[in-house]
Every structure is written in C-alpha cells, then in structure tokens.
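Asks: pasted the sequence and its predicted model underneath.
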Amino acid sequence: MKSFTYERPSSPAAAAASVVATPNAKFIAGGTNLLDLMKLQIETPAHLVDVNGLGLDTIEPTEDGGLRVGALVRNTDLAADARIRKDYAVLSRALLAGASGQLRNKATTAGNLLQRTRCPYFFDTAQACNKRQPGSGCSALDGVSRQLAVIGASQACIATYPGDMAVAMRVLDATVETVDAKGTERKIPMAEFHRLPGDRPEIDTTLKPGELITAVTLPKPVAGTHIYRKVRDRASYAYALVSVAAILGKDGSGHVAFGGVAPRPWRVEAAEADLPKGAKAVTDTVFAGAEPTPANAYKLKLAERTLTAALNQARA
Amino acid sequence: MKFDTPAGRNPIDQLKVVGKPTDRIDGKYKTTGTAPYAYERHDVVANQAYGYVLGAGIAKGRVRRMDTAAARQAPGVLAIVTTLETPRMERGMMNAAYLFGGDEIQHYHQAIAVVVAETFEQARAAAFLVTVDYAPAAGKFDLAAEAKGAKPVPGDSGEGSGGNGEERVGDFEGAFAQAPLTFDETYTTADESHAMMEPHATIAAWDGDKVTLWTSNQMIAWGHGSLAKILGIPKENVRLDSPYVGGGFGGKLFVRADAVLAALAAKAAGRPVKVALTRPLIMNNTTHRPATIQRVRIGATKDGTITAIAHESTSGNLPDGDPETAVNQTKLLYAGANRLTAMKLAHLDLPEGNAMRAPGEAPGLMVLEVAMDEMAEKLGLDPVAFRIRNDTQVDPQAPERPFSHRDLVGCLTLGAERFGWAKRNAKPGRVRDGQWLVGMGMAAAFRNNMVLKSGARVRLDGTGTVTVETDMTDIGTGSYTIIAQTAAEMMGVPLDKVVVRLGDSAFPVSSGSGGQFGANSSTAGVYAACVKLREAVAQRLGINSADAEFADGQVRAGNRAVPLGEAAAGGALTAEDSIEFGDLSKKQQQSTFGAHFVEVGVDADTAEIRVRRMLAVCAAGRILNPKSARSQVIGGMTMGTGAALMEELAVDTRRGFFANHDLAGYEVPVHADIPHQEVIFLDEVDPMSSPMKAKGVGELGICGVGAAVANAVYNATGIRVRNYPITLDKLLDDLPDAA
C-alpha cells in the first residue's frame, strides 16, 4: 500500500470536485474491494475521498412508482429492505448470494457496482495484465481462464465482471445517478454503465473522472417470479461461474441477464421474446459470437441449463 | 524407556482421565484470543520491526540485478537483505528448494529479498520499490507433458512412510492377463495447498551470536537442527519456540523462508524482526501436495477375489524433491497374490512438492478406492462386499508379517449398517429428490501408524502440581489436552493439577506433529517420564514403587496414604525419559483403518454437487480423547471433500506458477458445503503400538473420503469423473438434458 492523503468532503459535489482537483484520487466507501487492491498495489491512489459521511444512505420511493437507492446503502440493508424483498426480490436474492455477511455489512450499493475483476492475473503484479497495467499484455488469454469471460471480451482482456448485484440491476433496468464536480447530475442506464474492454480494458465503466454515484433508481416493479440463480463450485463465498437474474411469468416470458460470463452483466433484450420457447432459443442468441477458451467453454452449456432451471422454477 | 514388547496392563488402562471426551485445556486461550501465536507474540522481546518478503516474479532463471536504492530511502526502512548479496544458504531437512541466497531462481515466488521497516505497511510499500532484472529461463511446468520422461524412483513422504520405487510380488502381468475380469484406468489428482489458517510466521531476535525464533512449526527438533545448518551456527546457539500452531497439515514440518529471513533480517536490522508469509507466498513460496497421474489395474476371479493388482503413480518435483507416494496403501490394503506398485518422478520447475496431510495415502486412496468401486460394479458385487472379500490379516507382500490389529471389516460392516447402505440403489442415476440426483458412495480408509522416539520431562512440586515439558507441538490437534490426560492418569491427579508446556527446543525432544504419529508417540513419551517420576516419588516417600497406587492426588501403599505433593515438600522432583520404539512395528504391520460413507446430491440442471450426509467409522487403537479425535476425523473428512470437489492449485503451464494463489481463488469447503458429520470409533486397543495402546487418527479421516464422495457422485449421475477435483464442468456434457 502506498501512502495516501485522506479527506471527508462535505457534499457529493465537493467530493467530486476534490477527486477532479487532486491527481490520482479515488472515492472510498465500504472499502471492501479498494483496500484489498491497495494492499497489493493493484490500486495506488495518492488521495482518498471518503464519501461515507455524505448521507446517500436511504431508500426512497420515486414519483413513477420505483425506488431510489442511495449510493451508500449497505448491501445488507438493501437486501433486507421490505420493499426490495417484496417488489425486487431478484435484487435481494442477488445481494444475499454475494460475499459474506461481514462484507455485505460494509459494502455499499455504489461500491459494489464498481468492484473490479477477480482475474488471477489482475491480482498478481508480476504478471502482464492490460487492465492493471495498460499495454503490458493479457496473461489470461493463454493462461488459467476457467472463471473468465466467454463473450464481450477482447484480445486485450478476458476478465469477468465478478458481481451479483449489478446483474439483478441490469435485468431490472436500473439507472445509475451521478453528480460531477460542477454539481451536474447525470442518469446512466445500467446497460451503458459497465463498458466492454475493447483495447482499453483498464476502464471498467462509463463514469467520467471525478463523477460520483449518488444513487441507483429502480423503475416501478415488474411482475413475475424473481429469480437469482448463482452457480458456483462451493455453496457460499465464491464468485459465480454463471449466474442468471430473471423475472419470469408462468409462461416463461420475461427478462433475463447473465453474470459470470462477460466483462459486464450480460443481457440481450432481443432474445427475451424467445423465453417461452425455452432456454436454448434464448442462449443461442444471447451468446452468439461467444469466444470461450477451452477452459471456460462449459459456461455456455451451463448458462443454458441454469436458465432452464430458472424457467422450470417460474413455471412450477 | 524401550518399547520392544507388547504393552501389558499399566496405569493408563484405568481410563479415569485418558479416553474421556475432555474439552481442550487450551480452549479458553483460543476462544479469548490469548493463545500466543507466533506473529502476535508482542511480549517476548521489545522493539520488534517488521519484515516483508519479496518473491520472485519468474519461475526459473537468474536474478541479474536488484535495485534497492529507492526502497532504502522509503519511510521507516531499517534494512534490506537481498538474495544477490547473500551466498546461497544450505537447505534444511527435507527442503528440496533452496530457501534463500544466490542468483538462481528455482521456482515462482522464491524469496529474493526481505525488507525491514518500523511498520508492516512501510515494509510492504518499500518492497514494491525494489526493482528486479531477471534473466528468465525455460522451465518444465506441465506434469502431463513431462510424465513420459518421468523416472522410476523410490519414495519417501518425508515422514518415514514410503519404500522402494517398484515393488513386485508374484507375476502381476501374467496373472492380470489370465484374470477372468480385469480393470485398467488412469486418474489424475490435483496440486493442493495446505491452506492452513495461520500463515508461516516467525519473530527472530539475536543476542550476540545466539538467536531465538518464535515461530510456527510442527517439528521443533527438525527445525532446530535445520536452522542451525542453514544459518551456519551451532545448534546450541539456536532456540525455537512454537507453543501454538494455527494449522500445519505438513506445510510446517520443515523450516521455511519466514524463519530464515526473520533471522537474517534481525541480524541486518540489529533488532528483533517479525516476518509472516502472505497467502500468495504460502501457495507458491512454500510447499504443496503434488499432482499425480495414477494408473490402477485389477484382475479378479468372477467371485470377486483379486488375483492381480497394480498401482502406478507419476508425480513431479524440483530436482531434489520426492515423489508423492500415492501407491503406499496399495501394498497393504487388499489381498492378491500378484502385485505391482511403482512410482515415477518427473522433473518440474513448479514450487516444491512435499508432505501434506496423509502424503501418499490421501491422493492414493482417492484413486484406488474409486478403482475398487469401478471393479465392484464390473463384478456385479456390492462395493462393501468386494472389499470384505479381499480383506487380509497379513502384509500381502510379506505374509509372515501379520497386522498388529486390523478391523477394516468391522468398520465396513458397522458403517454400512449405520448409514443405511442397504437402501442404496446399485444402478446409478436412479434416485431423485426434487432437483437433486442423489447417490451414495463408500470407500475404505487406511493410513499407517508410525511411531517416533519421543521424550518429556515431568516435574512435581509441593502443591502436587505436575508440569510436563516436551518440544511436542499442538497444531490444533489437541496435544495439550491428551498430554495432560496422560500425566493426570499416570500421577493420579485431576487435570487441573497438570500444566503442559510445549514447543520449546529447550524441552526434551519429542516426536513432533506429523504423519499422525504425534498423539501416540508423544503421550507414550510422557508415560515413560511419568513412570520415572512415580519411581522418584515412591523412593522419596520410602514406598516400594511396585506397591504404590497413584490416585485422587494421593500416593497409597498398604494402609498409608500420602498427598502426592508431600513427595516434593523438600524440593521439586523431576524426571525425564523418552519412549524408544524397538522393532515391533517391523515384526507386525501397524496401520489404522476406517470406512467412509457419503451421500451427495447433484443438481440435475447445473451439476452442482453438494454433500448431504457423511459417516466415518474408524479403528485406530485406543482413542485418547474422543472429542479431539472426532475433531481430527471431521477435519480430515472436510479436507478430503475439498480435494474431491474443489481444491486445485491451477497451474499456469506457460509461466510456471499456481495462478489462484489466494483464498478467493483456491477454494476450500466453507461451512455451507459440509453437512452433519458422524464419526464412530471402534472400541479397541493395540498393545503393539505403545504403552498407550493408541494409534494415529489425525490423518485417517482424510484417507479415502474423497473417493467416497467421487463414488457417490457416480452413483447419483452414472458419470465417472477420473480427474480430480470433480467440478460441475466435468459432469455437464454427460448429464441428461435439463428439463
């Protein structure tokens, strides 16, 4: 960990202004990901702007019948909120499928969106990794890749987005709300929030420098069975090999997003019309153009079978 | 005390204290955070500085140049010791890789520097400022690719088990060719990390030319001698102290870089230095259980009598490393007139392979006991019945040599009954419970019982308190408690009148902890010392020791009853002795036995595997403390489940290292993976093992359980996966369509 300076700003805009004004500054909230990465010198901020004191920790109804989740609402609190459990169960279930109780107590809504990949080469500073050190190469391409992306990746990076919460937010058509240093607010649809690596894998999201997430809004509830099915090698405390976030009707119609397969939550809305036909019709489209490695090709079959399980659950 | 005739009746047989499920006497220290583990011994020496170890970023080659200028200027930095300015140091006992010194890199994350600073954070930050110029060299990292060139090799697990490379009885090839039914399959097991909770850690402090190391080590005497050799100083100038060890599993049998670099760093900094290895270094700098490729061939008559059995194993290691002795159990577990066991070793430039809990038997049984399941199915026999049919009461390679005591059949039959084995559907893939495909599997457990010379010193004071000192270690196993129970039984005092002090090289040399030899050997050493102390007490009190009864805090003889403490009224009485084992274990084969029964569910859609029930029945001589013994067995069952279902150090075969080098990437079972575990100990004693009549149980639990899990997965799905770990991706292609 490199030495860093630290401050607690007085408002979201002031926080954003401070990050813009200070070279190599970062926001810190729960710290469950950033601190680990700083210890390994994967992240080396010179200045930390601690946003924990900014409020932003309530869940309020919106005018159009949805909910506005403050950026600093802890994962535990979000998962346990009665409105979330009742009307957005896919989100509650995704949250509870992630990390551990202790981590969920600390982790925030905004921070969870921003968690970085768990690719083993990203975590080893002796190895080439374009996401960690742009231009150094990607060791994962011909390395250990069982956990890594099968679609949406590039020759520069095959890292997977590791989170669960964002997959549920993607299927819920959530919107990320931000503020910048000038106080200008912006709304970013989840579909546009995480970016694909292309030749710039070091940039995970479409946030601009200094732009601070203030909330995530959920549109009005979508009826159907809310399912979050996370498949992993052990029963708890593991990243998804494949996850399915789905809201499905009895006839199978509805919406689905996949986790653990791509550099961002993976959803192809155009395929959803085929959901009543069964999983294969959907996954054939969702994963068209997939380029798995020999070690992670199983994810294509697993995604299809996991979606089948979700459809069965919805129909039951 | 020489132990060379079978044990007769002795005070341990009273079983007033020994054999009781006593809570750990050190439990309160652990649960209150006051047990002194190595890195947290802030009170042993003042002015401790922090060392941070830098590991090599290449797997093979040379270090050309290291630039430490920036690091030396960094805040708080006190000293830096680099491998280039240190001549290559001697290796300690059983070290295959060099731990430090010189420019050659033998494996990834080999220690190349230690940075010492006022705080841990400063040391770590400065370590990142060290720049290293390497001359990388090509290496061999892929066992499958190197297996063809592997050479026959004799085996030694590092704990005394093992034997010659190829061993033959009768004519295996001839008998196999003529057998009415034959089986021939090849399997692989993965590289595994010990993944103990407590990292390797040491605080070192020099006083002139003497050094003390507060460390975490299973084998104090081995470590003591090794450190003297590595540091090039006389043994009397080295002291090791390791009273608490937060898990070892074989990873702390031998001295590692933390101890060596703490000593070097403390010398360079001129003050005490503490060093802990980070988790990535634990996985790539220290040792691991090597992967294997194993072939098993079995020939049998139609009634299921084995006529030919062969087990061959290939593993890899650094040039001076040993093979994984995965064929060990096959020499002894089943009858069969024609036999072949053989091992080959390939040169690999991966980190050093070495002992991990039940080296040899753990991966060996993961294969042999699946092969037995497959052969039983071929024969149309129940797997339990097939094993019982091929039981042997003698060493199959030397039939004149009986087992000292062997009740494998008792374990199998009781286990089958308790588990409800009769309800198993022998046809795989037929039992469904909701979304789960349900299956049952079983396997035999087998692990040899080794005995090692072990000493102790016991002291009686005027209050009637008995203090035991031995360099034995408690690696989470319960040594403190069973040693206290032994001394209490021998001296006729309650447990709270016994003080146990362990892990100091100033104490008498014990067996140490490894190879499941620790419990029986070390308590036998305490027994020997107590026999001497009883004699000294009797003599002091003027009683014939043969007439003396030690009970209820008193010494009684005839009508006389004297408080024990009175014998020490004029000064403490001290006795020291060792148990030395004669050739009983050569005349008769001493082994421990068990049977594992497992039920799993496999998700019909996703192929996720979850264990639903587990039972182990163990026959391991006298059980000194059923509670701590049970903890050992369920821990082994958990570890074996990990090996079967998830544990794998993922080899980057191009860059030569284990890529998943943290506990997020290297998955071990969590609580949610492990269901209720039942353990039954057969009520037995083995007088050939020691005066305690006990045998080892610390490794028996891991032996065979992985195969029982694998067999249950097969029974659930009809899919036989022969490459461990059995992860869902290996089942998906053959599962029936999701519907």
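Replies: Great, that's in hand.
Asks: which positions in chain A make contact with chain B?
Replies: Residues of chain A lying near chain B by Cβ under 8 Å from any Cβ of the partner chain: A:1-3, A:39, A:41, A:118, A:120-121, A:123-127, A:139, A:142-144, A:146, A:229, A:231-239, A:241, A:279, A:298, A:301-302, A:304-306, A:308-309, A:312. To be clear about C-beta, it is placed using only N, CA and C from the backbone, and glycine gets the same treatment.
Asks: neighbours around B:Lys730, how many?
Replies: 17 (other Cβ atoms under 10 Å in any protein chain shown).
Asks: returning to that earlier point: quick check: PyMOL command selecting the buried ones in the residues of chain A next to chain B.
Replies: With 16 or more other Cβ atoms under 10 Å in any protein chain shown as the criterion, this PyMOL line picks the buried residues out of the residues of chain A next to chain B:
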select buried, chain A and resi 1+2+118+120+121+123+124+126+127+139+143+144+146+229+231+232+233+234+235+237+238+239+241+279+298+301+302+304+305+306+308+309+312
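Asks: and the residues of chain A next to chain B, which of them are in strands?
Replies: A:Arg229, A:Val231 (DSSP state E).
Asks: where in chain A is pLDDT low?
Replies: The model of chain A has no residue with pLDDT under 70.
Asks: scan chain B for its longest helix.
Replies: Ranked by residue count, the top helix of chain B under DSSP state H comes out as helix B:518-541.
Asks: take the residues of chain A next to chain B and keep only those in helices.
Replies: Short answer: the residues of chain A next to chain B in helices (DSSP H) are A:Lys39, A:Ala279, A:Tyr298, A:Lys301, A:Leu302, A:Glu304, A:Arg305, A:Thr306, A:Thr308, A:Ala309, A:Asn312.
Asks: list the contacts for the residue in the stretch 1-150 of chain A that chain B sits nearest to?
Replies: Residue of the stretch 1-150 of chain A nearest chain B, by Cβ to the nearest Cβ: A:Ala126 (3.1 Å). Residues in contact with A:Ala126, defined by Cβ atoms under 8 Å, 6 or more residues apart in numbering or on different chains, are B:Gly57, B:Ile58.
Asks: returning to that earlier point: neighbouring strands of the following helix or strand past the longest helix of chain B in the sheet, and parallel or not?
Replies: Scanning forward in sequence from helix B:518-541 by DSSP states H and E, the next helix or strand is strand B:549-551. Strand B:549-551 sits in its sheet next to strand B:554-557 (antiparallel), going by DSSP bridges.
Asks: hang on, A:Val176 in a strand?
Replies: Yes - judged by DSSP: H, G, I helix; E, B strand; the rest coil, A:Val176 forms part of a strand.
Asks: A:Ile213 is in contact with that one, correct?
Replies: Yes - applying Cβ atoms under 8 Å, one finds A:Val176 in contact with A:Ile213, separated by 5.9 Å.
Asks: so what sits against both of these two?
Replies: A:Leu113.
Asks: ok, back up a step: now the residue of the stretch 1-150 of chain A closest to chain B: how far from A:Ser136?
Replies: 11 Å (Cβ to Cβ, to the nearest Å).
Asks: contact partners for the one residue sitting closest to the centre of chain A?
Replies: For chain A, the residue nearest the mean C-alpha position is A:Ala166 (3.7 Å; Cα atoms, centre = their mean). With contacts defined as Cβ under 8 Å, 6+ apart, A:Ala166 is in contact with A:Asn112, A:Leu113, A:Met190, A:Phe193, A:His194, A:Gly259, A:Arg264, A:Pro265.
Asks: could those be laid out in CSV, adding secondary structure and neighbour count?
Replies: Formatted as CSV, these follow (DSSP: H, G, I helix; E, B strand; the rest coil; neighbours: other Cβ atoms under 10 Å in any protein chain shown):
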residue, secondary structure, neighbour count
A:Asn112, helix, 27
A:Leu113, helix, 24
A:Met190, helix, 23
A:Phe193, helix, 24
A:His194, strand, 24
A:Gly259, strand, 34
A:Arg264, coil, 26
A:Pro265, coil, 27
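Asks: of the residues you listed, closest to B:Gly478?
Replies: Nearest to B:Gly478 out of those is A:Asn112 (Cβ to Cβ; 41.6 Å).
Asks: wait, the closest one sits on A:Gly163?
Replies: Yes - in this structure A:Asn112 lies within contact range of A:Gly163 using Cβ under 8 Å: 5.8 Å.
Asks: which residues are in contact with each of those two?
Replies: Counting by Cβ under 8 Å, 6+ apart, the residues touching both A:Asn112 and A:Gly163 are A:Gly98.
Asks: so where do the helices sit in the stretch 151-300 of chain B?
Replies: B:172-178, B:220-231, B:257-269, B:279-284 (DSSP state H, counting those that start in this stretch).
Asks: pick the most buried one from these.
Replies: helix B:257-269 (a mean of 27; mean count of other Cβ atoms under 10 Å in any protein chain shown).
Asks: can you state the direction angle for it and helix B:220-231?
Replies: 50 degrees (axes from the mean of the first three to the mean of the last three Cα atoms, to 10 degrees).
Asks: enumerate the residues of the stretch 351-500 of chain B near chain A.
Replies: Residues of the stretch 351-500 of chain B lying near chain A (Cβ under 8 Å from any Cβ): B:Gln435.
Asks: do you have the helices of the stretch 351-500 of chain B handy? List them.
Replies: According to DSSP H, counting those that start in this stretch, the helices that the stretch 351-500 of chain B contains are B:361-379, B:383-389, B:408-419, B:479-491.
Asks: now do the longest helix of chain B: which elements does it pack against?
Replies: strand B:454-460, strand B:466-470, helix B:479-491, strand B:554-557, strand B:573-581 (3 or more Cβ pairs under 8 Å, 6 or more residues apart in numbering or on different chains; DSSP states H and E).
Asks: which of the residues in that helix are buried?
Replies: Quick answer for helix B:518-541 (16+ other Cβ under 10 Å): B:518-534, B:536-538, B:540-541.
Asks: what about B:His107, which SS state?
Replies: coil.
Asks: need the phi and psi values for it.
Replies: The phi/psi pair for B:His107 (degrees, to the nearest 10) reads phi -160, psi 160.
Asks: for it, which non-adjacent residue is closest in space?
Replies: B:Pro351 (4.4 Å; Cβ to Cβ, 6 or more residues apart in numbering or on different chains).
Asks: go on, A:Leu67?
Replies: A:Leu218 (4.8 Å).
Asks: which residues touch that neighbour?
Replies: Counting by Cβ under 8 Å, 6+ apart, A:Leu218 touches A:Gly66, A:Leu67, A:Arg68, A:Val69, A:Tyr88, A:Leu91, A:Met169, A:Leu172, A:Ala174.
Asks: and the strands in the stretch 1-150 of chain B?
Replies: B:2-3, B:49-55, B:61-67, B:77-82, B:104-105, B:111-117, B:131-136 (DSSP state E, counting those that start in this stretch).
Asks: three-state assignment of A:Ser243?
Replies: Going by three-state DSSP: A:Ser243 is strand.
Asks: so it is in contact with A:Gly98, correct?
Replies: No - contact between A:Ser243 and A:Gly98 fails when scored by Cβ under 8 Å: they sit 9.6 Å apart.
Asks: need the residues touching each of these two.
Replies: Joint contacts of A:Ser243 and A:Gly98 (Cβ under 8 Å, 6+ apart) are A:Asp164.
Asks: list the contacts of the residue in the stretch 151-300 of chain B that chain A sits nearest to.
Replies: Residue nearest to chain A within the stretch 151-300 of chain B: B:Pro280 (7.2 Å; Cβ to the nearest Cβ). With contact set as Cβ under 8 Å, 6+ apart, B:Pro280 has these partners: A:Asp124, B:Gly55, B:His109, B:His661, B:Asp662.
Asks: what of B:Leu700?
Replies: Residues counted as contacts of B:Leu700 (Cβ under 8 Å, 6+ apart) are B:Ala358, B:Ala445, B:Phe446, B:Arg447, B:Gln516, B:Thr592, B:Phe593, B:Gly594, B:Cys618, B:Ala620, B:Val633, B:Gly636.
Asks: rerun at 10 Å
Replies: B:358, B:361, B:445-447, B:449, B:516, B:591-594, B:596, B:616, B:618-620, B:629, B:632-633, B:636-637 (Cβ atoms under 10 Å, 6 or more residues apart in numbering or on different chains).
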